[in-house]
Every structure is written in structure tokens, then in C-alpha cells.
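> What would the 3D arrangement of this be:
(chains A, B, C and D)
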There are 2 protein chains.
Amino acid sequence: MATEEYHALRRRQVAEAVERLVAEHGLAAVTIAKAAAEAAVSVGLVQHYFASKDDLLRYAYTQVTERALARAQQRAQELDAHHGSIRRALGESLAERLPLDETRQAEWRVLFAFTARAVDQPILAAVRNQTEAALRAQVAQAITNGKECGEVPPDTDADPAAAGLLAIVEGLSLHAYLDPATMPASVALAELNRALMTVLPGQCRQYD
Amino acid sequence: MATEEYHALRRRQVAEAVERLVAEHGLAAVTIAKAAAEAAVSVGLVQHYFASKDDLLRYAYTQVTERALARAQQRAQELDAHHGSIRRALGESLAERLPLDETRQAEWRVLFAFTARAVDQPILAAVRNQTEAALRAQVAQAITNGKECGEVPPDTDADPAAAGLLAIVEGLSLHAYLDPATMPASVALAELNRALMTVLPGQCRQYD
DNA sequence: CGCTCTCCAATATGAGCATATTGTTTCTAG
DNA sequence: CTAGAAACAATATGCTCATATTGGAGAGCG
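Now for the predicted structure:
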């Protein structure tokens, strides 16, 4: 039914307004009234489509993470197609998560705000861990591919290594955002590369 | 004057109550009234000693970070005295920051809650960056020592390397806390060690 | 036509909060 | 000894917010 689509559209419209508010003023500054105003709708509409504020925030978080994940997967496929080294492809894919320009800084603020709240709200933690698992699977796949290719030592356990890389990216992101003087883009990228070198130290064997 | 001491004591008393509240319910749940109740004092007293809620939170954050920093420096000295390898000493010092038991989890929650808020509040960011700088200097010193000793390649730039290690610890901490199934203590420690190996790969030369 | 249900807007309600105000006691300086 | 300042306690104020309530405009339908 088109009514279902319309329903989903409305929810997305409000969720995007929430996203903008979080990016600009932080999660703490989001209220139903402000979200409604930002989306140019009434408070009543927001109430009609979301059972509670928590519901709204959960939905918004899900939207953001799903979009970020989709983009990461899209980008990973693009890079695979170029047949470069896996380390390079993975590196570029991970480097994209670093908040090194205005656009990614805004998105990082949103994702991090929700992550921070996930510490106290199991519902948000679940959303996060689910997306994180998909992301980790993607990185783990790249590492596994690297084993076949010869870039990764055969005794490497792909899943912990992937979890480690994602954690490192997260830590570098936080520092790059909060203290760019100490952790400028150059340092963040260098440190990411250092980490990548330990997981994928080898050269890719050439197949005919 | 003893009146100054008394003043400082009172402030600390309230700040510690705030700390307990943050550890248990998160920063968002802290109110002046609750902080007063937790400290077993009146709202009026809190107002008397703190100009505003922001002032109270800033003070509490400063207290927590300073204590954590002091402990880290204390621990570093202890480890230095044992004349083990620098990598091992640094590793133990950094590993202590990981939220791997109840005590450190509680403290991590407090520190992370403030860090998250620092994203939107420059005043808190300043507190954080100041402590972080001291911590980084400590790690950088260890790395520099490692150069003299031979554990660290001579072309290593100590400060970025130190910043990288601290960022990695932060990322591992976040993941270990939010998703312990994926990032259990064993994996967090292994990944930390992997990072340490890239910065301090060598063996310490023996002197006389 | 009239009934009901969805969709939405406007407003009401009541709780929680930071901060202000006022009152009271306890030092302390002159 | 006493004025007044410091150190509180209790309560008031006024705002913000999530949610509840009410009302109404269309849309489908018998």
C-alpha cells in the first residue's frame, strides 16, 4: 500500500530533522518540539508517528547507522573492483570513517552522540552492536581474502583482528575530533596505516 | 587558612557524589537535587559552593581526571623501578586503562560520560585535553626512553606514536565496554600488545 | 448522507529542573 | 558584646519538556 510508504516517508522526514539537530547541538538538545519545528511539522504529527521520544531516537539512530553501513559496503565494492592491494582498499575504506572534513565531522558527531548514550541505554547499544557486527564482518572478510592472497599471515584470526581495527579507527576518530592539534589528519592516517601493516604485512601474490 | 581547606573538602564531597551518580546512571541523570541528596547535604549547600551546575560538573570532571592521571603516574614509577622492558611496563600501564573489571568499568563510565559531553562543551574539552596532554607526555617519555635503550627505532616520532597508542586504548575501551562478546579482555589485551609491538619492536640493550 | 477512522494541529497538564529568594544559625572581627 | 558576614536550609519561581487531551478535517463506506 502507498499508505505504508507514506508512513515510512514521514518517519524518515522527522528522523532526518533529529539527525540535523544532533549534528548541530548534540543529543541533549533534541526535544520533540524542536524536532517537529526542524522538520516543519507539528508536535502532534511526531506523536502520531512515534510512540515516544525514545522510539524516535531509536529510529533515528537506526537510520543513521544503516545509511553509514550501506555507504561503507558500497565503497568496499568499488575498491574491490580496482584490484589493488587489499591493505590499500581496506585502508581507504576505514580512513573514510575518520572525521577529517566538515561532512564527516557532522556525521561523526551524530554517530558518537548515540554511541555515548548507548552506554546507558541497552536499546541503543543493541542498534549499535548490530551495525558494528555487519561492519566487522565486512572487514573480517577482507582480512580472510588477504590470507588467500598472501597479504595476511595464515595464523591470523580474522574476527578479532577486524574488531581491533574498528576499535582503533574509533579511538583515532575521537582524538582527531576532540584534539585535532595533537591528532591531525596526517597522524591519524599514519597511525591507521601502522595498524593495518601489522594485520596485512605481506605482499599480494599475483595470480595469472 | 583552615577555612580554605574546609571549603575544598566540601567541594570534593559533592563532586564525589556526582561521580557516583554518573557511574550509576549517567551524566544525563545528574541534577543538583540528586547530587545534594547523594552527598547528604542540602541544595543550598551545593549552590553555596558552586556557582552553577556547569561549574559543579567541570569541577567533578577535573577531580576525576586528575585522580586518574595521578594514579597512572604513580603506577608508571612503580613499573620503572622494576627494570623490566619498557614495552612491558608501558603495556601494563596502558592496559590498566581498559575497563576490564567492575571498578575500572565504573570509572570508565564516568570518564567517558564527560568525554562525550566534551564534544559539545568546550570547557569540558579543555579539561580533557589538558589531562590527555600530561598522559601523552608520559607515554612519549617512555617511548623516548625506548629509543635510548634500543626497543624503539631511532626514527620514531615519540609524540604522534604516544597519541596513537592512547587513541587505540580509548577505542579498545569503548568496544570492550559496549560489546564485550566481540571484544573480550583477551582480545583487547592482544590488540593492545599488537600496537605496542609496532612502536617498541626491539629488544633492550643491556648496559654495563 | 452520516458514521467512523486516520491523520494531524493546538493546547493542556503536570512533572522536573536550575536558579532565586528568604530565613536562620553560627562564627568572627571590632 | 554586638553588628555583620559567612554558611547553610527551606522554599519559591518560572521555565522546559514529554506526554495527554481535545477537536477537527478529510476519506472511505454502507
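> which non-adjacent residue is nearest the residue in chain A that chain B sits nearest to?
For chain A, the residue closest to chain B is residue A:171, as judged by C-beta to the nearest C-beta, at 2.6 Å. C-beta coordinates here come from the backbone N, C-alpha and C atoms, glycine included. Setting aside the residues directly before and after it, residue A:171 is nearest to residue B:171 in space (C-beta to C-beta, 6 or more residues apart in numbering or on different chains), at 2.6 Å.
> any idea of the pLDDT on the residue lying closest to residue A:199 once chain neighbours are set aside?
Leaving aside its sequence neighbours, residue A:199 sits nearest to residue A:161 (C-beta to C-beta, 6+ apart; 5.0 Å). pLDDT recorded at residue A:161 is 98.
> And what about the residue nearest the centre of chain A, helix, strand or coil?
Centroid check for chain A by C-alpha atoms, centre = their mean gives residue A:68 as the closest residue, at 4.9 Å. With DSSP: H, G, I helix; E, B strand; the rest coil as the basis, residue A:68 sits in helix.
> Would you pull up how far the host helix or strand of the residue nearest to residue A:199 lies from the middle of the chain?
Taking DSSP states H and E as the criterion, residue A:161 maps to helix A:158-178. Distance of helix A:158-178 from the chain centroid (C-alpha atoms, centre = their mean, to the nearest Å) equals 11 Å.
> what's the following helix or strand after it?
helix A:185-199.
> tell me the mean pLDDT over that following helix?
Per-residue scores along helix A:185-199 average to 98.
> wait, doesn't the residue nearest to residue A:171 sit right on residue A:165?
No: the pair residue B:171 / residue A:165 is not scored as a contact, 9.5 Å apart, by C-beta atoms under 8 Å.
> residue contacts, residue A:161?
A:140, A:143, A:199 (C-beta atoms under 8 Å, 6 or more residues apart in numbering or on different chains).
> got the residues of chain A near DNA strand D?
A:29, A:30, A:31, A:32, A:33, A:34, A:43, A:44, A:47, A:52, A:53, A:54 (C-beta under 7 Å from any atom of the strand).
> Check the contact between the fifth one and residue A:43; I expect there is one.
Yes: with contacts counted by C-beta under 8 Å, residue A:33 reaches residue A:43, the gap being 5.7 Å.
> Return every residue with contacts to both of the two.
What both residue A:33 and residue A:43 touch, as defined by C-beta under 8 Å, 6+ apart, is an empty set.
> residues near the residue of chain A found nearest DNA strand D, how many?
For chain A and DNA strand D, the shortest gap (C-beta to the nearest atom of the strand) falls at residue A:31, measuring 3.1 Å. Neighbour count for residue A:31, taken as other C-beta atoms under 10 Å in any protein chain shown: 12.
> where does it land on pLDDT?
98.
> List phi and psi for it.
phi -130, psi 160 (degrees, to the nearest 10).
> go on, residue A:41?
Per degrees, to the nearest 10, the backbone of residue A:41 is at phi -130, psi 180.
> Hmm, residue A:16 and it touching each other?
No: the pair residue A:41 / residue A:16 is not scored as a contact, 11.7 Å apart, by C-beta under 8 Å.
> quick one: the closest residue in space to residue A:174 that isn't next to it in sequence from residue B:128, how far?
Leaving aside its sequence neighbours, residue A:174 sits nearest to residue B:170 (C-beta to C-beta, 6+ apart; 5.9 Å). Separation of residue B:170 from residue B:128 (C-beta to C-beta, to the nearest Å) stands at 11 Å.
> And these two? Which one has more around it.
residue B:170 (26 against 22).
> Let me see the contact set for that one.
A:170, A:171, A:174, A:175.
> Tell me the buried residues within those residues.
A:170, A:171, A:174, A:175 (16 or more other C-beta atoms under 10 Å in any protein chain shown).
> what about the helices in chain A?
Counting by DSSP state H, one finds helices in chain A at the ranges A:2-25, A:32-38, A:43-49, A:53-81, A:86-95, A:102-118, A:122-149, A:158-178, A:185-199.
> Mind giving me the packing neighbours of the first one?
Applying 3 or more C-beta pairs under 8 Å, 6 or more residues apart in numbering or on different chains; DSSP states H and E, one finds that helix A:2-25 contacts helix A:32-38, helix A:43-49, helix A:53-81, helix A:102-118.
> Sweet, I'm off.
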